[in-house]
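K.L.:
Dropping the sequence and predicted coords here.
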Amino acid sequence: MAQALPAEIYGAGLVFGRVGALTMVLPGLGEAMVPPRVRLAFALVLTLTLYPVLRAGLPPLPAGVGDTFGQLLIELIVGLALGTLIKMFMGALVVAGEVVSIQTTLAFSQTANPLQAQPTTSLTAFLSLLGVILVFATGLHHLFIGALVHSYTLFPAGKPLSIPDFTTLAIRTIGETFALGIQLSAPVLVFSLVFNVAAGFVGRMMPQFPIFFVVTPLSVLLGLSIFAIGLGLLGVVWVDRFRDFLGRLV
């Protein structure tokens, strides 16, 4: 019993290392506006919940201090890597917000983004908050836990990291993120292309017409109108793609 207790504490510490690192960067929970004590308490409760399930696959207590810290470091890296991949896919909404802001000439409209702790365009901040709301409203946050549990199959505790596999997954995620961001902003992109071509023709045919003073407010008004009309579809498409992405991790 005296030897079993240190092994149990060490196993729980390994699980807490991966869970805590993941919690620090998860969408919603890992934002700067969430107090660190709340994130720490959530990570501790989740560790106590998952430890009985994961205990059989955890390594035994190492003999040396170096091996102990080495295995703990691996768990921290795996948790941060998994959380970064999930947070990275959330960037599709940031890409869409930036593209829409540029096409509607609202790129200079900056506001404080509580999710990024830095000023961003107003549309980007809006879509970032919308994404977090959709994650918790549709129950996608439950898949975060599933991805965490499945990570012990992909990256077993105490085993060396597979850097090439993670690199390939990260590159693929970045590509999918940018592609999805462009797809979500496609209606405004198409409108902006057609509208600017038409404005160019009007400017060429009527050189004396004050094209800039007429086109700019129309571009903002019509662009935001199209964005508002397609906002529901944008949310549905993003949720489906995000669910598919989490399904691959689970």
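P.N.:
Noted; the coordinates are in hand. Residues are numbered from 1 along each chain as shown.
K.L.:
Give me the secondary structure label for the residue nearest the centre of the chain.
P.N.:
The centroid of the chain falls nearest to residue 87 when counting by C-alpha atoms, centre = their mean (2.4 Å). Look at residue 87: counting by DSSP: H, G, I helix; E, B strand; the rest coil, its state is helix.
K.L.:
thinking in terms of the whole chain, how far from its middle is stretch 187-199?
P.N.:
Averaged C-alpha coordinates place stretch 187-199 at 30 Å from its chain's average position (C-alpha atoms, centre = their mean, to the nearest Å).
K.L.:
what comes into contact with that stretch?
P.N.:
Applying C-beta atoms under 8 Å, 6 or more residues apart in numbering, the contact partners of stretch 187-199 are 99-100, 103-104, 182, 211, 215, 218-219, 222-223, 226-227, 230. Any C-beta I mention is one placed from the backbone N, CA and C, and that applies to glycine too.
K.L.:
repeat for stretch 60-76
P.N.:
Contacts of stretch 60-76 (C-beta under 8 Å, 6+ apart): 6-7, 10, 13-15, 17-18, 20-21, 59, 157-161.
K.L.:
what's near enough to touch the residue nearest to the centre of the chain?
P.N.:
Residues in contact with residue 87 (C-beta under 8 Å, 6+ apart) are 25, 26, 27, 30.
K.L.:
Looking at it now. What's its pLDDT?
P.N.:
Confidence at residue 87, expressed as pLDDT, is 87.
K.L.:
so how far is residue 70 from it?
P.N.:
As judged by C-beta to C-beta, to the nearest Å, residue 87 and residue 70 stand 26 Å apart.
K.L.:
Residue 123 now?
P.N.:
According to C-beta to C-beta, residue 123 stands 45 Å off from residue 70.
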